[in-house]
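K.L.:
Just to be clear, the model below is a prediction. Sequence and coordinates:
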Amino acid sequence: MLALFPLFSRKRSKDELNLIRFVEKSFGYTPKNLAFFSTALTHKSIAHNNGEISNERLEFLGDAILDSVIAEMLFNKYPDEDEGYLTKIKSKVVSRRTLSVIGHEMGIRNILDYSKGRSIKLETIEGNAFEALIGALYLDGGYQATKKSLNAHILKKYIDLNQILEEEIDFKSRLFIWSQKNRLPIVFDVLKEENQGVNWNYLVVVIINEQEFGRGSGTSKKKAEQSAAKETLELMGEL
């Protein structure tokens, strides 16, 4: 692990310079104390062997900081949504899968210090190291610097909220949420059921406040309703 020292107190080693460049490129932040970031990139598989501190405590801290920043962002972005909706979206944004993808796309494995002789799932420890780096950034620069970095460099580059919303909530549910907000009654009416030999085909129309909107067809009522809901959302400019 790197020793504690001011940023420009002496000539940097190649590893130290690589670490500084990585943090600057990934987070848009110049480290003051490299030891925090070195620890964040030290996996327990090698820390225990070398008598160093692993990144597990920093991962714990980073997880809490990330939760706070994401919660604040969603709270401001979706002022009309309730706690349950915001919780669902936040859990998707900070899921292990999402964090692992971010860590992988950042190329954390190229600078991560871990035991290469052991069977380790790299995607998982990259996600953990990403959280540890957030903890390091918080200790080094404070909450505001961390929030600025996450909003400007991480969320914009790696998090597609529109895609997450589409994955988390289906079109029919989104349409019902819209109707509840606008206090308009909504009905899915089956116009036609046809037996086409092997499969059935259903034609469904969405009726809102006694007016017809989108139509959709499918081999099941559920698929036809999803298609009709999607067309309705498109017609209303909600997609």
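P.N.:
Yep, it's here.
K.L.:
Skip the chain neighbours and tell me the closest residue to the spatially most central residue of the chain.
P.N.:
The chain has Val93 as the residue nearest its centroid, 2.7 Å off, counting by C-alpha atoms, centre = their mean. Spatial nearest neighbour of Val93, chain neighbours left out: Ile70 (5.3 Å); criterion: C-beta to C-beta, 6 or more residues apart in numbering. Where C-beta positions appear, they are placed from N, C-alpha and C, glycine not excepted.
K.L.:
so how many other residues sit close to the one you found?
P.N.:
Counted by other C-beta atoms under 10 Å, the residues lying close to Ile70 total 21.
K.L.:
list the helices and strands the helix or strand containing it packs on?
P.N.:
Per DSSP states H and E, Ile70 falls inside helix 56-77. Applying 3 or more C-beta pairs under 8 Å, 6 or more residues apart in numbering; DSSP states H and E, we find helix 56-77 packed against helix 34-40, helix 83-93, helix 122-141, helix 143-149.
K.L.:
Which of those comes out lowest on mean pLDDT?
P.N.:
Mean pLDDT per stretch puts helix 83-93 lowest among the helices and strands packed on helix 56-77, at a mean of 83.
K.L.:
right, and the helix or strand after that helix?
P.N.:
helix 96-106.
K.L.:
Just the CA coordinates for that following helix, please, in CSV.
P.N.:
What follows is helix 96-106, C-alpha atoms only, in CSV (Å, rounded to 0.1, in the frame of the first residue of the first chain):
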residue,chain,number,x,y,z
ARG,A,96,-24.4,-5.4,-7.7
ARG,A,97,-24.9,-6.0,-11.4
THR,A,98,-24.9,-2.3,-12.3
LEU,A,99,-21.8,-1.6,-10.1
SER,A,100,-19.9,-4.6,-11.6
VAL,A,101,-20.7,-3.3,-15.1
ILE,A,102,-19.4,0.2,-14.2
GLY,A,103,-16.3,-1.2,-12.6
HIS,A,104,-15.6,-3.4,-15.7
GLU,A,105,-16.2,-0.5,-18.1
MET,A,106,-13.9,1.7,-16.1
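K.L.:
what pLDDT, on average, does that helix get?
P.N.:
Rounded mean pLDDT across helix 96-106 is 91.
K.L.:
What are the buried residues along it?
P.N.:
Thr98, Leu99, Ser100, Val101, Ile102, Gly103, Met106 (16 or more other C-beta atoms under 10 Å).
K.L.:
Test my guess that the fourth one contacts Lys157.
P.N.:
When you say that, I think you mean Val101. No - contact status for Val101 versus Lys157: not in contact, 11.8 Å apart, counting by C-beta atoms under 8 Å.
K.L.:
what residue ranges in the chain score low on pLDDT?
P.N.:
The chain contains residues with pLDDT under 70 at 1-10, 48-51, 117-119, 165-169, 239.
K.L.:
domains for it, by residue range?
P.N.:
The record's domain parsing of the chain by automatic domain parsing lists 14-168, 171-235.
K.L.:
pretty sure the residue nearest to Val93 contacts Val94?
P.N.:
Yes - counting by C-beta under 8 Å, Val94 is a contact partner of Ile70 at 5.9 Å.
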